[in-house]
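> sharing a sequence plus its predicted fold:
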Amino acid sequence: MTLRTETDPATGVAVVTLDRPHRHNAVDARTARELAETWRAFRRDDGVRAIVLTGAGERAFCTGIDRATDVPQPDSPFSMDDPLLSIGPKANDLWKPVIAAVRGMACGGAFYLLGEAEFVIADETATFFDPHTTYGMVSAYESVHLAQRMAPGDVARLALLGSAERMSARRAHETGLVSEVTPPGGALAAALRCARTIAGHPTAAVQGTVRAVWAATEAARAHAFAQAPHLIALGNAPPAEQAELFAARAPGGHRVR
């Protein structure tokens, strides 16, 4: 298993942990499948009333798709397969509240998960960045998710500067991406405190509120998502060129306080 799931029957809170620390919790095909299966299983589990999503280890919450994952594409220019589109709770019709607890790096495809959480709590070690443009790829779905929480200028800076940018937890809090910043190692405990409180409220009221908040942005998100495959097809460099850019990547980046 690439995920760990623990449920506390006394509180109704489940913790889902991306458990690939040796790969910075990057999502491979198996992880993507397990995430979708986990969210859908929670739909039918009345004992789970709130969920915390986190990553194993200290270095990363998630670094997006695993670069070793082969994603064959259809021959048609009108079709595109994105293995991350189904990894989030909302994509799997789950309307129970999900709180993300971030420690270390969260980048690229991690925003598919953060974008479908109700809110994000990060500790002071967290950094957020989107390396797509650096490696010749369009930041499409990631930028759409970010634009639901941050001002367009902040999204543009993060996406366009690519791997040269590192947004700190404090700056992410200022932009609205993060709701709370904790001392190092404290994000999971803070997320659990929130989840336990929420799980103690009447279930129908909580899930209805989750659905209402999502309804405020889902029309714009759906419209933007409809354009994403075409933008990616037009703007992405060929895979060989992407691999060359990735191999030549420079370590580090510009950290924004």
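Structure's in. What do you need?
> pull the number of nearby residues for Asn92.
Residues lying near Asn92 (other C-beta atoms under 10 Å) number 18. For every residue, glycine as well, the C-beta is placed using N, CA and C.
> quick one: contacts for it?
Shown here is Asn92, whose contacts under the criterion C-beta atoms under 8 Å, 6 or more residues apart in numbering are Ala36, Trp39, Arg40, Arg43, Ser86.
> burial measure for the third one, as a count.
Burial measure for Arg40: 14 neighbouring residues, criterion other C-beta under 10 Å.
> measure the residue lying closest to it once chain neighbours are set aside to Leu160 for me?
Taking C-beta to C-beta, 6 or more residues apart in numbering as the measure, Arg40 lies nearest to Asn92, with 4.9 Å between them; neighbours along the chain are not counted. Relative to Leu160, Asn92 is positioned 31 Å away (criterion: C-beta to C-beta, to the nearest Å).
> then Cys62?
Computed with C-beta to C-beta, the distance linking Cys62 and Leu160 is 22 Å.
> what residues are up against Ser143?
If a contact means C-beta under 8 Å, 6+ apart, then Ser143 has Asp130, Val155, Ala159 as its contacts.
> for those residues, give me TSV that also has distance to Gln207.
As requested, those are exported to TSV (distance: C-beta to C-beta, whole Å):
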residue	distance to Gln207
Asp130	31
Val155	29
Ala159	32
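> out of these, which is most surrounded?
For the contacts of Ser143, the largest neighbour count, defined by other C-beta under 10 Å, is 27 neighbours, found at Asp130.
> tell me, how many residues neighbour Tyr141?
Around Tyr141 sit 23 other residues, with neighbours defined as other C-beta under 10 Å.
> these two touch, right, it and Leu113?
No - with contacts counted by C-beta atoms under 8 Å, Tyr141 stays clear of Leu113, the gap being 11.6 Å.
> what does the model give Ala248 for pLDDT?
Reading off the per-residue confidence, Ala248 sits at a pLDDT of 84.
> phi, psi for it please.
Reported as degrees, to the nearest 10, the phi and psi values for Ala248 are phi -90, psi 10.
> how many neighbours does it have?
With neighbours defined by other C-beta under 10 Å, the count for Ala248 comes to 9.
> and what of Thr133?
The burial metric for Thr133, expressed as a neighbour count using other C-beta under 10 Å, is 17.
> let me see the contact set for the nearest residue to it once chain neighbours are set aside.
Excluding its sequence neighbours, the residue lying closest to Thr133 (C-beta to C-beta, 6+ apart) is Gly162, at 4.2 Å. Contacts for Gly162 (C-beta under 8 Å, 6+ apart) come out as Phe129, Asp130, Pro131, His132, Thr133, Thr134, Tyr135.
> now Gly162: how far from Gly176?
In this view, Gly162 and Gly176 are 21 Å apart by C-beta to C-beta.
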